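**Q** could you work out the structure for the sequence below:
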Amino acid sequence: MSIKPLIILPDPILRLVSKPIERIDEPVRKLAADMLDTMYDAPGIGLAAIQVGEPLRMLVIDLAKEDEPKAPQVFINPEIVERSDERSVYEEGCLSIPDYYAEVERPATVRVNYLDLEGNAREAVADGLLATCLQHEIDHLDGVLFIDHISRLKRDIVVRKFRKLAKDKPPTRMAG
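**A** The predicted model follows:
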């Protein structure tokens with residue numbers, strides 16, 4: 001498999017709404033494997049397909065600690081079908097916004113329907129870090145970044161910083 005380049009803020013690709021995956025075939029499985037390789041290399045705990053320039057509704061997560069065996073999870077066409085009223089706060093970061101972290105409040109528990117790599121319908125009820133990670137990555141599929149959940153002032157500062165860093169770089173082009 002291969003490591004793909006990450007799309008970095010302020011690239012407008014990050015604001016695209018991803019399309020549902022119609023068929024789970026070998027190219028989709030390869031993309032999932034490449035996304036896992038990319039996420040592990042970064043290193044990170046979650047990655048949405050749009051972050052590697054593919055506007056498809058797929059994300060990968062692995063919350064295993066360094067001293068634990070890898071526990072990759074692939075979610076195809078994930079959809080949050082239930083959110084708890086209870087809230088939790090986690091410090092979030094993003095591979096597409098390197099070296100920036102902020103506390104974000106989200107529902108503490110979510111229920112997510114999705115397909116696995118074999119096309120089987122699945123359901124995950126998640127709390128804690130998994131709930132936060134799923135919400136963060138599903139936001140990516142809808143063109144939403146974690147900085148959209150912080151104050152406008154903080155968000156504007158981060159966006160200005162990344163625009164300045166990107167000024168001399170050409171925009172990333174989407175694959176395909």
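**Q** now do the contacts for L47.
**A** 35-36, 38-39, 59-60, 95, 137 (CB atoms under 8 Å, 6 or more residues apart in numbering). Just so you know, the C-beta spots here come from the backbone N, C-alpha and C atoms, and that holds for glycine as well.
**Q** for C133, what are phi and psi?
**A** Dihedral angles of C133 (phi, psi; degrees, to the nearest 10) stand at phi -60, psi -50.
**Q** quick one: contacts for it?
**A** Counted by CB under 8 Å, 6+ apart, C133 has contacts 45-46, 61, 63.
**Q** on that earlier part again, can you tell me which of the contacts of L47 end up in helices?
**A** Judged by DSSP state H, helices contain the following of the contacts of L47: 35-36, 38-39, 137.
**Q** show me which of those are buried.
**A** The neighbour count (16 or more other CB atoms under 10 Å) marks 35-36, 38-39, 137 as buried among the ones in helices among the contacts of L47.
**Q** including distance to R122, could these go into TSV?
**A** Putting these into TSV (distance: CB to CB, whole Å) gives the following:
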residue	distance to R122
M35	18
L36	17
T38	23
M39	20
E137	15
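**Q** just give me the closest of these to S88.
**A** When these are ranked by distance to S88 (CB to CB), E137 comes first, at 16.4 Å.
**Q** quick check: that closest one vs A32, distance?
**A** Distance check for E137 against A32: by CB to CB, to the nearest Å, it reads 13 Å.
**Q** which one among the ones in helices among the contacts of L47 gets closest to S84?
**A** Closest approach between the ones in helices among the contacts of L47 and S84, by CB to CB: E137, at 18.1 Å.
**Q** now do the contacts for E86.
**A** By CB under 8 Å, 6+ apart, E86 lies in contact with 107-109.
**Q** out of these, list just those in strands.
**A** Of the contacts of E86, the ones assigned to strands by DSSP state E are 107, 109.
**Q** before we move on, the earlier item: export the buried ones among the ones in helices among the contacts of L47 to JSON lines and tack on pLDDT and distance to I8?
**A** Below are these laid out as JSON lines (pLDDT from 0 to 100; distance: CB to CB, whole Å):
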{"residue": "M35", "pLDDT": "98", "distance to I8": "16"}
{"residue": "L36", "pLDDT": "98", "distance to I8": "20"}
{"residue": "T38", "pLDDT": "98", "distance to I8": "13"}
{"residue": "M39", "pLDDT": "97", "distance to I8": "15"}
{"residue": "E137", "pLDDT": "98", "distance to I8": "17"}
